[in-house]
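**Student:** Got a sequence here, can you build the structure:
(one chain, ligands or ions: 1)
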Amino acid sequence: MSSTDQTIVLITGANGGIGFSLATQLLENAKYLILLGSRSAEKGAAAVKQLQEKSLPGKVELVQIDVSDEDSIQKAKDVVEEKYGRFVYTHSIPLFISISNPTPVLPSRIQPSLTH
Ligand SMILES: NC(=O)c1ccc[n+]([C@@H]2O[C@H](COP(=O)([O-])OP(=O)(O)OC[C@H]3O[C@@H](n4cnc5c(N)ncnc54)[C@H](OP(=O)(O)O)[C@@H]3O)[C@@H](O)[C@H]2O)c1
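**Tutor:** Presented below is the predicted three-dimensional model:
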């Protein structure tokens with residue numbers, strides 16, 4: 001699958017609970033590249049390993065992000081932008097989706113830039 005056919009989904013809080021379940025379900029489809037967001041690098045790496053061991057069609061990579069920490073959000077944004085490019089919508093087709101879980105209390109000047 002070419003990278004242009006791929007839909008990149010960032011799921012925060014995805015090392016456990018609902019976020020992890022969502023990541024698992026999306027990985028059933030090869031079109032998804034899941035950026036598994038975790039505030040703990042250790043827990044995140046373990047979750048990524050667990051998912052990779054399932055050999056699901058989609059791809060998964062770790063992004064360290066604590067949704068309650070402005071610096072962490074900014075850092076994650078910079079890392080993701082540098083590695084995957086800007087988050088743009090073309091003809092209403094989302095090339096990048098961000099799912100915030102658990103519900104974050106985000107600084108308003110940061111939040112829009114994660115999804116636009
Ligand atoms: N489970 C349900 O049936 C249900 C129903 C309705 C709504 N909800 C809501 O949905 C959300 C997720 O529920 P859940 O059952 O998946 O909860 P959970 O099992 O406690 O998982 C929450 C996930 O969020 C992560 N997290 C917590 N604080 C974070 C932060 N500051 N930055 C980044 N990640 C953070 C946790 O990471 P750590 O491992 O590092 O703690 C964990 O991976 C909650 O807000 C809950 O209230 C849940």
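**Student:** list the buried ones in stretch 6-16?
**Tutor:** Buried residues in stretch 6-16, counted by 16 or more other CB atoms under 10 Å: 6-15. Backbone N, C-alpha and C define where each C-beta goes, glycine included.
**Student:** From these, pick the one nearest the ligand.
**Tutor:** residue 13 (2.7 Å; CB to the nearest ligand atom).
**Student:** Name the helix or strand for the closest one, please.
**Tutor:** Under DSSP states H and E, no helix or strand contains residue 13.
**Student:** residues touching it, list them.
**Tutor:** Residues near residue 13 by CB atoms under 8 Å, 6 or more residues apart in numbering: 19, 37-39, 67, 101-102.
**Student:** Give me the subset of those that also touch the ligand.
**Tutor:** 19, 39, 67, 101-102 (CB under 6 Å from any ligand atom).
**Student:** Let me know the average pLDDT across stretch 99-111.
**Tutor:** Taken as a whole, stretch 99-111 has a mean pLDDT of 57.
**Student:** Which helix or strand contains residue 37?
**Tutor:** Applying DSSP H and E as the criterion places residue 37 in strand 32-38.
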